[in-house]
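*Asks:* I'd like to go over a predicted model; first the sequence, then the structure.
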Amino acid sequence: MDVRYAFWNNKGGTGKTSLAFQAIAGYAEKHPKLRVLAVDMCPQANLSELMLGGLNNRGSERLLEMQHQTPRRTIGGYFQARLPAPYSMPALTATDFITKPNKFNPGMPNNIDLVCGDPLLELQSNAVNTLANNQIPGTNAWIRVIDWLNDLLDQVKDDYDTVFIDCNPSFSMYTQIALSSAQRLVLPVMADDSSRRALQNAFSLVYGLQLPSAIYAAYAFGTKLTNEGRQLPKVHLIVKNRLTQYMGAASAYSAVLTAIDTDIQGLLKTNPQIFGFTKAQKGFVEVRDFQTTGVVAFAKGLPFSQLATGRQSVNGKRVDVKSDYLKNAKSAMAGLVAML
């Protein structure tokens, strides 16, 4: 039985995909005997581009190659196969939609496989919503559609030990499909008020907490999922990301981080069932901004462990990866990976 993590926040710009990329690679390196599957459920498909080589090593070109195969070797290709058969799993082979990044990008650990992301998800979303809202006697159309990713993962559950899902910041139907298949939720936040509000929104969207009116409760994602006897993902980790961006006005940003801590402590008392930890300090990890080190790593599609120090070329410009910065980045990610 695999363990499934989802990286998600209802706010963009929290560094979700960059954290997911380095965390997945770091986890696979730390556990070389475990088989890891990454699922890119974001239409931007940045995680896939990174794993396939990054900007400088043809990551985007290789992703396009995956999208032009028959069948389309992406999550969008799988969804395309499900559109004519939305309520029961058709006869298909899950491995047709899975890629091994190491074949294209030697910097990636060999024990990682990938279901590539696809901008086609956005085009498919209206059709998926319509199918999920159909009224069919004797069939819960919504739960059948919500199970699409579960159907795919269940077919390969004996092939992988750990699954990581990178989600879109939106709460669209394909994001709900992703979250419903996860057991553990990783929520990146930044030290600003908008991140605190986004964290509160995330709890409302997933768990139905603090809804503006009881009218919404019957239609809430969490209500509909639990009514079908399904388990909601538990909050496993809250990542305070890019903290060095906020050191200039430490007192103001410290107040926001303290407020986030207080929010979580309160929810641990009132809704302990939504968390995978019992004390707030066990559910938080801090990550400093990767700065130039991160820019170079992502341009080259490399885990920090594979990144060289010194002067190197990125997008035609010479940049310097300093050893102490790289050491800090490795240390930060090691701390996150240790919590998985």
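*Replies:* The structure has been received and is ready for your questions. Numbers count the residues shown, from 1 in each chain.
*Asks:* poorly predicted segments of the stretch 1-150 of the chain, please.
*Replies:* 1 (pLDDT under 70).
*Asks:* ok, the stretch 151-300 of the chain next?
*Replies:* For the stretch 151-300 of the chain (pLDDT under 70), the answer is 211-213, 242-253.
*Asks:* can you pull up the most central residue in the chain?
*Replies:* Nearest to the mean C-alpha position of the chain, by C-alpha atoms, centre = their mean, lies Asp166 at 2.2 Å.
*Asks:* so what's Leu267 up against?
*Replies:* Phe203, Leu209, Ile274, Phe275 (C-beta atoms under 8 Å, 6 or more residues apart in numbering). Bear in mind the C-beta positions are built from the backbone N, C-alpha and C, glycine included.
*Asks:* ok, now Gln124?
*Replies:* Gly76, Phe79, Gln80, Leu83, Tyr174.
*Asks:* what about 6 Å?
*Replies:* Phe79 (C-beta atoms under 6 Å, 6 or more residues apart in numbering).
*Asks:* again with Leu34
*Replies:* Counting by C-beta under 6 Å, 6+ apart, Leu34 touches Asp161, Thr162.
*Asks:* quick one, longest helix in the protein?
*Replies:* Ranked by residue count, the top helix of the chain under DSSP state H comes out as helix 250-270.
*Asks:* buried residues in it?
*Replies:* By 16 or more other C-beta atoms under 10 Å, the buried positions in helix 250-270 come out as Tyr253, Val256, Leu257, Ile260, Asp261, Asp263, Ile264, Leu267, Leu268.
*Asks:* ok, stretch 218-232 next?
*Replies:* Those would be Ala220, Phe221, Gly222, Lys224, Leu225, Leu232, for stretch 218-232 by 16+ other C-beta under 10 Å.
*Asks:* could I get the full set of helices for this structure?
*Replies:* 16-30, 46-51, 59-67, 75-82, 120-132, 141-146, 148-155, 173-180, 193-207, 221-227, 250-270, 291-300, 323-337.
*Asks:* quick one, the third one and helix 75-82 angle?
*Replies:* Spelled out, it's helix 59-67. Using axes from the mean of the first three to the mean of the last three C-alpha atoms, to 10 degrees, the inter-axis angle of helix 59-67 relative to helix 75-82 is 20 degrees.
*Asks:* same for helix 59-67, what does it pack against?
*Replies:* The contact analysis (3 or more C-beta pairs under 6 Å, 6 or more residues apart in numbering; DSSP states H and E) places helix 59-67 against helix 46-51.
*Asks:* if you set the cut-off to 10 Å instead, what comes out?
*Replies:* When contacts are defined as 3 or more C-beta pairs under 10 Å, 6 or more residues apart in numbering; DSSP states H and E, helix 59-67 packs onto helix 46-51, helix 75-82, helix 291-300.
*Asks:* and the last one, by the same measure?
*Replies:* In this structure, helix 323-337 packs against helix 16-30, strand 234-240, strand 284-286, helix 291-300, with contacts taken as 3+ C-beta pairs under 10 Å, 6+ apart.
*Asks:* I'd like these as JSON lines, with distance to Pro137 appended.
*Replies:* Listed next are those as JSON lines, based on distance: least, C-beta to C-beta, whole Å:
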{"stretch": "helix 16-30", "distance to Pro137": "40"}
{"stretch": "strand 234-240", "distance to Pro137": "34"}
{"stretch": "strand 284-286", "distance to Pro137": "47"}
{"stretch": "helix 291-300", "distance to Pro137": "50"}
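*Asks:* most tightly packed of the ones you listed?
*Replies:* helix 16-30 (a mean of 23; mean count of other C-beta atoms under 10 Å).
*Asks:* ok now that helix, how far from the chain's centre?
*Replies:* Relative to its parent chain, helix 16-30 has a centroid offset of 10 Å by C-alpha atoms, centre = their mean, to the nearest Å.
*Asks:* convert the C-alpha atoms of it to CSV, please.
*Replies:* C-alpha atoms of helix 16-30 as CSV (Å, rounded to 0.1, in the frame of the first residue of the first chain):
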residue,chain,number,x,y,z
LYS,A,16,4.8,25.0,-3.7
THR,A,17,6.3,23.5,-6.8
SER,A,18,9.9,24.3,-6.1
LEU,A,19,9.5,22.8,-2.6
ALA,A,20,7.8,19.7,-4.1
PHE,A,21,10.6,19.2,-6.6
GLN,A,22,13.4,19.4,-4.1
ALA,A,23,11.4,17.4,-1.5
ILE,A,24,10.6,14.6,-3.8
ALA,A,25,14.1,14.4,-5.1
GLY,A,26,15.5,14.6,-1.6
TYR,A,27,13.1,11.9,-0.3
ALA,A,28,14.0,9.6,-3.2
GLU,A,29,17.7,10.1,-2.5
LYS,A,30,17.3,9.4,1.2
